[in-house]
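Trainee: quick one, what's the 3D model for this:
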Amino acid sequence: MELNQIILLFLVVAIVVLVYFIGSAISLWVQALVSGGRVGLLNIIFMRFRKVPPKLIVESKIMAVKAGIEITTNDLESHFLAGGKVLRVVQALIAADKANIALDFNRAAAIDLAGRDVLEAVQMSVIPKVIETPLVAAMAKDGIQLKAIARVTVRANIDRLVGGAGEETVLARVGEGIVTTIGSADSHKRVLENPDSISKTVLAKGLDAGTAFEILSIDIADVDVGKNIGAELETDRAEADKKIAQAKAEERRAMAFAAEQEMRARVVEMRAKVVAAEAEIPLAMADAFRKGQLGVMDYYKMKNIMADTEMRSAIGGSDGANRQEKET
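Mentor: Purely as a prediction, here's the structure:
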């Protein structure tokens, strides 16, 4: 391929690309022009180089102009480049204007960049939202457990959307208020008779302070009687006392058994000492023989006495045994 042909091909490609960019830009420029949006042609062309979708910016500008809201093209571009949702912000501004809610572009952009859905917030300001708490269980002073579910009607507070706490905080505070109200009641029957006392007490605490919402009402949807926690606690306490008493008795029994074993060991020890002392008698007698302190006649007299004693013991034992047999 010759050099002239390469240059000609390059020019053709450049012309095609230029026509594509200019053609689409002209289409958007004409659309904005006839709609009163007034977006410059060069501005539309250079949006592509700034990685900003010109179609989104032009359509958002047209939407705002048609609704009678003044927003500059630079504001829309800067909000897109900051990571914001341009279309949702413009829709929120239009919704707020129709509902007579004071909301300018900077505040709407700040709410959007804070991660909140600004259009949903405006819609929630017009139509309050009902959020339901999870099942909250609490115990009255008489030990009876109550389970309650509340429906909280909230309205978005535009002024506190940036930096205000979300729905989770509202639900947590309402749940805490329910627990406190039930827990301070002397009897669960009093709460069942007047369930609206829960909502009145919770509302009086101003739980929406520091949140992005304004609590309009708190309605108790359901109250059920749960377990008799007080009785269960008393039963558990009695069971614990029983186990403690059993453990102490077992300890005393073990100590008594150990003392008994110690006494038996001491008896065996004393018997061993007696046997040892009796074993020394023949040695003492032999020593007495050698020293002349004990004569042969003395020895035989002692043997006769011992034999007589054994005989008497044998007779006494056989008579005792016969007497027992007769009695049986």
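
Trainee: show me where pLDDT drops low in the protein?
Mentor: 1-2, 21, 317-328 (pLDDT under 70).

Trainee: so is Ala148 in a helix, a strand, or just coil?
Mentor: strand (DSSP: H, G, I helix; E, B strand; the rest coil).

Trainee: can you give me the neighbour number for it?
Mentor: Using other C-beta atoms under 10 Å, Ala148 has 22 other residues around it. C-betas here are computed from N, CA, C, even on glycine.

Trainee: that one reaches Ile198, doesn't it?
Mentor: Yes: using C-beta atoms under 8 Å, Ala148 makes contact with Ile198 at a distance of 6.7 Å.

Trainee: identify the contacts common to those two.
Mentor: Ile178, Ile182, Ile220 (C-beta atoms under 8 Å, 6 or more residues apart in numbering).

Trainee: excluding covalently adjacent residues, which one is nearest to the second one?
Mentor: In other words, Ile182. Closest residue in space to Ile182, ignoring its immediate chain neighbours: Ala138 at 3.8 Å, by C-beta to C-beta, 6 or more residues apart in numbering.

Trainee: what pairs with the helix or strand containing that neighbour, and is each one parallel or antiparallel?
Mentor: When elements are assigned from DSSP states H and E, Ala138 belongs to strand 136-139. Here strand 136-139 is paired, per DSSP bridges, with strand 144-156 (antiparallel).

Trainee: distance from the partner strand to the middle of the chain?
Mentor: Relative to its chain's centre, strand 144-156 lies at 19 Å (C-alpha atoms, centre = their mean, to the nearest Å).

Trainee: next SSE downstream of that strand?
Mentor: helix 167-183.

Trainee: mind listing what's buried in stretch 25-45?
Mentor: Ala25, Leu28, Trp29, Gln31, Ala32, Ser35, Gly37, Val39, Asn43, Ile44, Ile45 (16 or more other C-beta atoms under 10 Å).

Trainee: possible to save the residues you listed as CSV with secondary structure and distance to Leu192?
Mentor: Output for the buried residues of stretch 25-45, formatted as CSV (DSSP: H, G, I helix; E, B strand; the rest coil; distance: C-beta to C-beta, whole Å):
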residue, secondary structure, distance to Leu192
Ala25, helix, 71
Leu28, helix, 66
Trp29, helix, 70
Gln31, helix, 65
Ala32, helix, 65
Ser35, helix, 63
Gly37, coil, 63
Val39, coil, 65
Asn43, helix, 68
Ile44, helix, 68
Ile45, helix, 72
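
Trainee: any chance of those in a markdown table, plus distance to Val58?
Mentor: Putting those into a markdown table (distance: C-beta to C-beta, whole Å) gives the following:
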| residue | distance to Val58 |
| --- | --- |
| Ala25 | 10 |
| Leu28 | 5 |
| Trp29 | 8 |
| Gln31 | 6 |
| Ala32 | 5 |
| Ser35 | 9 |
| Gly37 | 6 |
| Val39 | 6 |
| Asn43 | 10 |
| Ile44 | 7 |
| Ile45 | 12 |
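
Trainee: show me the contacts for Ile111.
Mentor: Val118, Ala121, Ile158, Leu161, Val162.

Trainee: check which helix or strand covers it.
Mentor: Here Ile111, judged by DSSP H and E, is contained in helix 105-113.

Trainee: just checking, next helix/strand downstream of that helix?
Mentor: Per DSSP H and E, the helix or strand that comes after helix 105-113 is helix 118-126.

Trainee: buried ones in that following helix?
Mentor: Val118, Leu119, Ala121, Val122, Gln123, Met124, Ser125.

Trainee: and the angle from it to helix 105-113?
Mentor: Angle of helix 118-126 versus helix 105-113, following axes from the mean of the first three to the mean of the last three C-alpha atoms, to 10 degrees, is 110 degrees.

Trainee: circling back: from the buried residues of stretch 25-45, which two are the most distant?
Mentor: Spanning the widest gap among these are Ser35 and Ile45, at 18.7 Å by C-beta to C-beta.

Trainee: in this structure Ala108 contacts Val89, no?
Mentor: Yes: at 4.9 Å, Ala108 counts as touching Val89 under the criterion of C-beta under 8 Å.

Trainee: what residues are shared contacts of these two?
Mentor: Common neighbours of Ala108 and Val89 (C-beta under 8 Å, 6+ apart) are Val118.

Trainee: list just the nearest of the buried residues of helix 118-126 to Ala307.
Mentor: Using C-beta to C-beta, the buried residues of helix 118-126 come closest to Ala307 at Met124, 120.6 Å.

Trainee: ok, and the closest non-adjacent residue to the closest one?
Mentor: Ala156 (4.0 Å).

Trainee: Asn4: neighbouring residues, count only.
Mentor: 8.

Trainee: mind checking which helix or strand it is in?
Mentor: Asn4 belongs to helix 3-35, assigned by DSSP H and E.

Trainee: elements contacting that helix?
Mentor: Using 3 or more C-beta pairs under 8 Å, 6 or more residues apart in numbering; DSSP states H and E, the elements in contact with helix 3-35 are helix 41-49, helix 54-66.

Trainee: run the angle between it and helix 41-49 for me.
Mentor: Going by the same axes, to 10 degrees, helix 3-35 makes 120 degrees with helix 41-49.
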